[in-house]
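Chemist: Here is my input; please provide its structure:
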Amino acid sequence: MNIIVVGRNHSQSRTYRLGNTAKLFLFGCLFAMPFAMGAAGFWLNGWLHSEDRQLEASATEAWEKGLSQQRQELESVREQTRQELQALTVRLAELQSRLMRIDALGERLIAVSKVNADEFDFSVSPALGGPNLTSELYQAPTISSVLDELADKIASREQQLEILEDILEGNRLSREKFLSGRPIQKGWMSSRYGTRVDPFTGKLAWHAGVDFAGKQGSGIIAVASGVVTWSGERYGYGKMVEVDHGDGYKTRYAHCFELKANVGDIVKKGQVIALMGSTGRSTGPHVHFEVYKNGRTVDPSAYVHRTYR
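Modeler: Numbering: from 1, shown residues only. Purely as a prediction, here's the structure:
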């Protein structure tokens, strides 16, 4: 077999002569080339499909892993939400119970204090108002709204209770300072205020107080709260206690057997300040009770028989 190679300008050419071995090799290559290309294509196709399968497997694994993680996160959020909801429910019950106790306490205080119930109606929220500064209203979740509403109610109730407490405290102080009642725990009135026959001289004399007779050692009590300004012996009075109640009022408790209060002590209404006796100018166990208003004695009977309203 001859192979002729022609140049570009067709002016020159070369001839190559192939032997039998070269012919066989050339024909073998030409015959084997399609099979080699087919095998290469088949291998390449298999390799590409293998890569695709690996990519698909990796993508599927990653997707399943991500989905599993999302499920776990969703379950965690769901559990957290359940716990928060349970906590909110418990808090809601506590606030409702607290509100009921406050309302019950308020009603009892109103009944005791005799305040006008219309001014402190614990079943109705106090009036509120004001301009709406927001253009849109936000609708909060149901439980949060109930909690906020209960918190507002409790705050308003507590404010009402504070005002009521101030009123009650003022009433209590007024009652404490209010001169009223007898200065003894047991006994009877034995001599009145004004002109009387002196038990020692038998002549008419001015009696600047009232006398309450009783058993030796029985309790003598303050008819109002105040500060002790005298506790000791005094001419004609024997052992005596004097209490300043403010607003120009003073009271004296004389002829005591024993003194239970000292100068400077703050005494309350009804507190035992001495024991009944017969010291000083006295004919027997009793207490001589005087009331002073702006430095002058007044008839104690008007205070003994009056009551606080």
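
Chemist: Only C-alpha atoms from now on, for both contacts and neighbour counts.
Modeler: Will do.

Chemist: burial measure for E94, as a count.
Modeler: Residues contacting E94 under the criterion other C-alpha atoms under 10 Å number 12.

Chemist: quick one: contacts for G295?
Modeler: For G295, the residues meeting the contact criterion (C-alpha atoms under 8 Å, 6 or more residues apart in numbering) are G248.

Chemist: roughly how far apart are it and G248?
Modeler: 7 Å (C-alpha to C-alpha, to the nearest Å).

Chemist: for R91, same thing?
Modeler: The span separating R91 from G248 equals 54 Å under the rule C-alpha to C-alpha.

Chemist: Where does the prediction get shaky in the stretch 201-309 of the chain?
Modeler: In the predicted model of the stretch 201-309 of the chain, residues 308-309 satisfy pLDDT under 70.

Chemist: cool, the stretch 1-150 of the chain as well?
Modeler: Applying pLDDT under 70 to the stretch 1-150 of the chain flags the ranges 1-20, 22-28, 30-31, 41, 44-53, 55-57, 59, 108, 110-143.

Chemist: try it again with 80
Modeler: Across the stretch 1-150 of the chain, residues meeting the criterion (pLDDT under 80) sit at 1-68, 70-71, 73-74, 77-78, 81, 84-85, 88-89, 91-92, 94-150.

Chemist: ranges for the strands of the stretch 101-250 of the chain?
Modeler: Counting by DSSP state E, counting those that start in this stretch, one finds strands in the stretch 101-250 of the chain at the ranges 188-191, 194-197, 204-207, 210-213, 219-221, 226-234, 238-246, 249-259.

Chemist: Tell me which of those approaches E73 most closely.
Modeler: The closest of the strands of the stretch 101-250 of the chain to E73 is strand 226-234. By C-alpha to C-alpha, the value is 71.1 Å.

Chemist: With only the CA atoms kept, save the closest one in CSV.
Modeler: Written as CSV, here are the backbone C-alpha positions of strand 226-234 (Å, rounded to 0.1, in the frame of the first residue of the first chain):
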residue,chain,number,x,y,z
GLY,A,226,-52.2,61.6,124.5
VAL,A,227,-48.9,62.3,126.2
VAL,A,228,-48.4,62.1,130.0
THR,A,229,-47.3,65.5,131.3
TRP,A,230,-47.5,64.7,135.0
SER,A,231,-47.1,61.5,137.0
GLY,A,232,-46.5,61.8,140.7
GLU,A,233,-47.7,63.5,144.0
ARG,A,234,-49.6,66.8,143.8
